[in-house]
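Peer 1: Build me a model from this:
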Amino acid sequence: MKYIYSSLLAATLILASCNKNKDLAERIPADSELHITENPYEVQFNELDPEYILKQNHIVEEFYHKNINKNDYSGGFLVAKNGKILFEEYSGYSNRAKNEMIGQNTPMHVASVGKVVTSIATLRLVNDGLLDLDQSVVSVLPSFPYPQTTIRMLLNHRSGLKYYGYFTAEKNIWNTTQTITNQDVLDIISSGKVALDFKPNSKFTYSNTNYVLLALIVEKISGKPYKKALKDLILDPLEMTHTFVFDDINKKDEVCQSYDGNYRLMRFDYLDGTYGDKNIYTTPRDLLKLDKAMYSDVFLNKDLKDQMYKGYSYERKGKNNYGLGMRLIEMNNGKNYTFHNGWWRGNTSSYIRLQQDTVSIILLSNKYSKLTYKTIDLAHHFGDYSVGNLEN
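Peer 2: Next up, the predicted model:
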């Protein structure tokens, strides 16, 4: 498959006739609409009015520089509507010691936004009839000791499993000088040394352990290492060529580095060996490809997508519910604000998917900053996502 890049010719012609907007033409990505030839998952969106593109480009750029891109922000930012990039910008260092800069093809650690990818990989297996959402975990991982726990409960964090970062720090559970793997996490749970926090499906507690086990389930069902299964299920079909699973801590110097807020290099430790819950590296453009594919009922059937973007944790109804790998806020106006944030070491990430308005807002950073999460304040420029509707 080949990429054919649209040059936004209509917008360029308008700009040419209007000198006051001439400088704006240089700020709109020339390749802001990607068409993938012979792609069974390609979705045809409505064309955007060139004036709308220019208007939103200005709004997004102004927002970005006023609210986010300050104090040496390091990362990549992209906003798209109907699959068309309205604005993107990259700044900072992927490796400061080597003076290597972040660009549009620089894969960054997306922390818990990787859970979105793991969830979709799992749902793709369900879509193909190889797995069932209400299938017991023990039917796939025989050593798992809790027969009531299902695949769905892992996806929506209602399994009752404790976060492995907590129980491995307890005495006589794990030698924290050794890097822990996904299989190690399962083995510890299977040993009976760690109890559930609560009865499965009785309430919600966000736990990375769920997604460590989901990666193992993807491996078991596919018969392939997770990084290979992910390539086959998602990355290769969508040509996400700058996305990969980091599963070898010995190669930590070969990936985009992670920094604290003062550009001090963050250290790896024994928790950096697991994947599925984190350790997925990607770019804003690759995430946009995945976001676009999620509008295709061929890539993932409508029923599964409806289940993915449905809230399961009604203890806090109307606020911060969790679907299957996506967070959501059920707004007063009937819309769902769907998103996932991430933080791991110095890496912060924000992925917002305004499905009803076909808008994607993606911001990734490898230098710790809470400014990454300011993206929520941009949403109301694309629909009725005002604070009054976001808060119950």
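Peer 1: In the protein, what residue spans correspond to helices?
Peer 2: 9-16, 22-25, 50-67, 114-127, 151-155, 164-167, 182-190, 209-222, 226-230, 284-293, 302-308, 387-390 (DSSP state H).
Peer 1: Of all those, which one comes closest to Asn105?
Peer 2: helix 284-293 (7.9 Å; C-beta to C-beta). Where C-beta positions appear, they are placed from N, C-alpha and C, glycine not excepted.
Peer 1: what about the closest one, distance to the chain center?
Peer 2: With C-alpha atoms, centre = their mean, to the nearest Å as the basis, helix 284-293 stands 10 Å off its chain's centre.
Peer 1: tell me the angle it makes with helix 114-127.
Peer 2: Counting by axes from the mean of the first three to the mean of the last three C-alpha atoms, to 10 degrees, helix 284-293 lies at 30 degrees to helix 114-127.
Peer 1: same question for helix 284-293, mean pLDDT?
Peer 2: Taken as a whole, helix 284-293 has an average pLDDT of 98.
Peer 1: still on that earlier bit, which among the helices of the chain is found nearest to Leu196?
Peer 2: So among the helices of the chain, helix 182-190 is nearest, using C-beta to C-beta, at 9.3 Å.
Peer 1: Mind listing what's buried along the closest one?
Peer 2: Asn182, Asp184, Val185, Leu186, Ile188, Ile189, Ser190 (16 or more other C-beta atoms under 10 Å).
Peer 1: what's that helix in contact with?
Peer 2: With C-beta atoms under 8 Å, 6 or more residues apart in numbering as the test, helix 182-190 has contacts from 141, 143-145, 161, 164, 167-168, 173-174, 194, 209, 212-213, 215-216, 226, 274-276.
Peer 1: Sketch out the low-pLDDT regions of the stretch 1-150 of the chain for me.
Peer 2: 1-38 (pLDDT under 70).
Peer 1: ok, now with 80
Peer 2: 1-39 (pLDDT under 80).
Peer 1: try the stretch 201-350 of the chain
Peer 2: 314-319.
Peer 1: the strands in it, which residues?
Peer 2: With DSSP state E, counting those that start in this stretch, the ranges of strands along the stretch 201-350 of the chain come out as 244-245, 280-282, 321-322, 327-330, 336-344, 347-354.
Peer 1: Compare those and report which one is nearest to Val79.
Peer 2: Of all the strands of the stretch 201-350 of the chain, strand 347-354 comes closest under C-beta to C-beta, at 9.2 Å.
Peer 1: ok now that closest one, how far from the chain's centre?
Peer 2: 6 Å.
Peer 1: now swap in stretch 247-260 and tell me
Peer 2: 19 Å.
Peer 1: and what of stretch 61-77?
Peer 2: 19 Å.
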